[in-house]
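Novice: model this:
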Amino acid sequence: MNADPCRLLLHGYGAKTGQAFAHFIDPDREVWFGIDDSMLAILERGPRSQRYRMTWDDVLTNAIHEDADGGSWRLHYDRKNDALYLDEVEQ
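Specialist: The predicted structure follows:
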């Protein structure tokens, strides 16, 4: 298990966190699962999109990141601190 069970991805984007996330993962798309291209397209359009909030909630619930060491990570959005983290999934 990794000694650091939580990794900060993004901070300070507010309602645009989903949009920032979609741009952030674009180059590393192949290591993310539970997200499809249509979801990313909605997030990239930003919070004015009608389906943005629902899509962002789906991404937060379903997205899994797999690292080079075989570890799996889930997204966690801390609304109070406006921070998006990766939390390690227990194996």
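Novice: low-scoring stretches of this structure, by residue?
Specialist: Residues of the chain that meet the criterion pLDDT under 70 lie in 1-6, 91.
Novice: Now do the buried residues in the longest helix along the chain.
Specialist: The residue-count maximum for a helix in the chain (DSSP state H) belongs to helix 52-62. By 16 or more other C-beta atoms under 10 Å, the buried positions in helix 52-62 come out as 52, 55-56, 58-60. For every residue, glycine as well, the C-beta is placed using N, CA and C.
Novice: What are the neighbouring residues in contact with Glu66?
Specialist: 31, 33, 72-73 (C-beta atoms under 8 Å, 6 or more residues apart in numbering).
Novice: so how far is Glu44 from Tyr13?
Specialist: 13 Å (C-beta to C-beta, to the nearest Å).
Novice: Please enumerate the shared neighbours of these two.
Specialist: Shared contacts of Tyr13 and Glu44, defined by C-beta under 8 Å, 6+ apart, comprise Gln19.
Novice: Could you pull out the helices in the protein for me?
Specialist: Using DSSP H, helices in the chain cover 17-25, 37-45, 52-62.
Novice: and the first one, how far out from the chain's middle?
Specialist: In other words, helix 17-25. Here the centre of helix 17-25 is set off from its chain's centre by 7 Å, with C-alpha atoms, centre = their mean, to the nearest Å.
Novice: go on, the last one?
Specialist: Between the mean C-alpha point of helix 52-62 and the mean C-alpha point of its chain there is a distance of 9 Å (C-alpha atoms, centre = their mean).
Novice: Check which helices and strands it is in contact with.
Specialist: helix 17-25, helix 37-45, strand 72-78 (3 or more C-beta pairs under 8 Å, 6 or more residues apart in numbering; DSSP states H and E).
Novice: Could you figure out how far it is turned away from helix 37-45?
Specialist: Using axes from the mean of the first three to the mean of the last three C-alpha atoms, to 10 degrees, the inter-axis angle of helix 52-62 relative to helix 37-45 is 130 degrees.
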